[in-house]
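need a 3D model of the sequence below.
(chains A and B)
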Amino acid sequence: MGGLLKSSVAKKFAMALSGLFLVLFLAQHFTINFTSVISPDVFNEISHFMGTNFLVQAILQPILIFGVVFHFVMGFVLEIQNRNARTKSYVRYNGSANSSWMSRNMIYSGAVVLAFLGLHFYDFWVPELVHKYIESHPEDPTRYYGELVAKFVSPVRTGLYVISFVFLMLHLLHGFSSSFQSMGVNNKYSEGIRKFTVGYAIIIPLGFIFIALFHYINNL
Amino acid sequence: MKLTLKIWRQENAETKGKMVDYIIDGIDGDMSFLEMLDVLNEDLVNKGEQPVEFDHDCREGICGSCSLQINGEPHGPDKLITTCQLHMRTFKDGDTIVIEPFRAKAFPVIKDLIVDRTAFDRIQQAYGYISVNTSGNTIDANSIPIEKENADDSFNAATCIGCGACVAACKNASAMLFTSAKVSQFALLPQGEVEADRRVLAMVEQMDKEGFGNCSNTGACEIECPKGISLENIARMNREYLKASVK
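Purely as a prediction, here's the structure:
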């Protein structure tokens, strides 16, 4: 295990692993959010469970926070190393001739997603912490739907969410399938994996956009 | 045809280089790119100026010496060829062609368009070989049965000529495709399997020491490789490395 996380291959593997974990989390987050479109009661029930369950709060949440922080920190570390590997830039560099825009600009799409996470935490996570641990309100299992809907009254905030999800889509379009290559998977199943990851990368962010717009339009 | 050439000129590794414009006329479409540069150099020498230095040797796409970044792509716009196999018919009369050396911290410029690619040699020297007793009783390689698919993949990996186009094309100046081809050509064969773990660890360690960037799977290296070395080799090297690391 000595060489693990020291070498470029190990760092790639760690990036891929944390990325895949976040992809799984996205699916779970989307599923819960989507219930807000179908039934406020179901959304409240699941949100209350997630917000109060010991396993989720004490184990899954710290793992998630670690995964997010690790992925972003490692992303920036790798970007700095990569920039240092070419100290003198080309006068002309025709990147579009051999690679996709998404693959060349993961740091920018990732940075937008990181900025979005800041806004998202400010909107939902910080008020949740204040509600639970600072103001110590009595438990109200029906408050979640109202809090969610209230956030999508503002067209500016809704617009920022939509833009962020577009960048999330761009990030996933390369990142999801790329993580399999980093983990050493490149075989007869790779084309199938690529199709699945592209589908996922389009459907999940579009779903999040739909949820944001649904609540915004309902608020009009 | 008449062309404008924008060429990187740099006296040596210590000096600062710059792009210099040259107008060249009478270029035939059947000339190779390097023959066009030969014509330019003849003109420069006749005028008493320093010729443009560039690497070349076999001029038939085998040696991996030629290494020019042409209009933003290693070995120019055509695929699966080296610079010496690029013909001027690819360009049009009046075109401007930007010619630069392969750029990477691990490939420092020696002069003009020549870069030092000995970093690749050091990666090879780290373990890009198999240990064979050459005392006179070596076993004929053909006597060892090898699956056709593995033999083909190994051979394909071994066609890497070490030109450095993968590094030049990669936005991160990563040498993963080169290193993985050298790892794969042995890892796929029974002769190379014995030392596979030590090999992959040593070669990746040397690759990182040389200051190449990290692979972010853009796939640019595979597209620009004159020998079409596949990204499958990088995935194989990742597997080999992870397997060797946890042992």
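
quick one: find the helix or strand in chain A with the lowest mean pLDDT.
None of the helices or strands of chain A scores lower by mean pLDDT, DSSP states H and E than helix A:126-129, at a mean of 90.

what's the answer for chain B, then?
helix B:190-193 (a mean of 93).

elements contacting that one?
Under the contact criterion of 3 or more CB pairs under 8 Å, 6 or more residues apart in numbering or on different chains; DSSP states H and E, helix B:190-193 touches helix B:176-187. (Each C-beta comes from the backbone N, C-alpha and C, glycine too.)

quick one: mean pLDDT over the helix it packs on.
Mean pLDDT, computed over helix B:176-187, is 98.

quick one: that helix to chain centroid distance?
Chain-centre distance of helix B:176-187: 13 Å, with CA atoms, centre = their mean, to the nearest Å.

and it, what does it pack against?
Where contact means 3+ CB pairs under 8 Å, 6+ apart, helix B:176-187 is packed against helix B:118-127, helix B:148-158, helix B:165-169, helix B:190-193, helix B:196-209, helix B:220-224, helix B:232-245.

may I have it as CSV, with CA atoms only?
Provided in CSV are the C-alpha atoms of helix B:176-187 (Å, rounded to 0.1, in the frame of the first residue of the first chain):
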residue,chain,number,x,y,z
MET,B,176,0.5,8.1,-19.4
LEU,B,177,0.0,6.8,-22.9
PHE,B,178,3.7,6.3,-23.5
THR,B,179,4.4,4.7,-20.1
SER,B,180,1.3,2.5,-20.3
ALA,B,181,2.3,1.2,-23.8
LYS,B,182,5.7,0.2,-22.5
VAL,B,183,4.1,-1.4,-19.4
SER,B,184,1.5,-3.2,-21.5
GLN,B,185,3.8,-4.7,-24.1
PHE,B,186,5.4,-6.8,-21.3
ALA,B,187,2.4,-7.2,-18.9
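
got the contact list for it?
Here helix B:176-187 makes contact (CB atoms under 8 Å, 6 or more residues apart in numbering or on different chains) with A:8, B:120, B:123-124, B:128-130, B:153-155, B:157-158, B:160, B:162, B:164, B:166-167, B:170, B:192-193, B:195-196, B:199-200, B:203-204, B:207, B:212, B:215, B:221-222, B:225, B:229, B:231, B:233-234, B:236-237, B:240.

can you map out the helices along chain A?
Counting by DSSP state H, chain A has these helices, from start to end: A:8-38, A:40-52, A:54-55, A:61-84, A:101-104, A:106-120, A:126-129, A:143-151, A:155-182, A:190-219.

now those as JSON lines including mean neighbour count and distance to B:K6?
Listed next are those as JSON lines, based on neighbours: other CB atoms under 10 Å in any protein chain shown; distance: least, CB to CB, whole Å:
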{"stretch": "helix A:8-38", "mean neighbour count": "18", "distance to B:K6": "33"}
{"stretch": "helix A:40-52", "mean neighbour count": "16", "distance to B:K6": "59"}
{"stretch": "helix A:54-55", "mean neighbour count": "8", "distance to B:K6": "63"}
{"stretch": "helix A:61-84", "mean neighbour count": "15", "distance to B:K6": "24"}
{"stretch": "helix A:101-104", "mean neighbour count": "18", "distance to B:K6": "23"}
{"stretch": "helix A:106-120", "mean neighbour count": "16", "distance to B:K6": "29"}
{"stretch": "helix A:126-129", "mean neighbour count": "13", "distance to B:K6": "54"}
{"stretch": "helix A:143-151", "mean neighbour count": "16", "distance to B:K6": "53"}
{"stretch": "helix A:155-182", "mean neighbour count": "20", "distance to B:K6": "32"}
{"stretch": "helix A:190-219", "mean neighbour count": "16", "distance to B:K6": "38"}
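
so which of those helices gets nearest B:E14?
Between B:E14 and those, the tightest spacing by CB to CB is seen for helix A:61-84, at 19.9 Å.

how is chain B divided into domains?
As assigned by automatic domain parsing, chain B contains the domains B:3-111, B:117-131+B:145-245.

distance between the ends of the longest one?
From its first residue to its last, domain B:117-131+B:145-245 covers 28 Å (CA to CA, to the nearest Å).

and what of the shortest one?
Start and end residues of domain B:3-111 are separated by 23 Å (CA to CA).

list the contacts of residue 110.
Reading this off chain A. Going by CB under 8 Å, 6+ apart, A:G110 touches A:72, A:75, A:171.

oops, wrong one, chain B.
B:I110 makes contact with B:12-13, B:53, B:116 under the criterion CB under 8 Å, 6+ apart.
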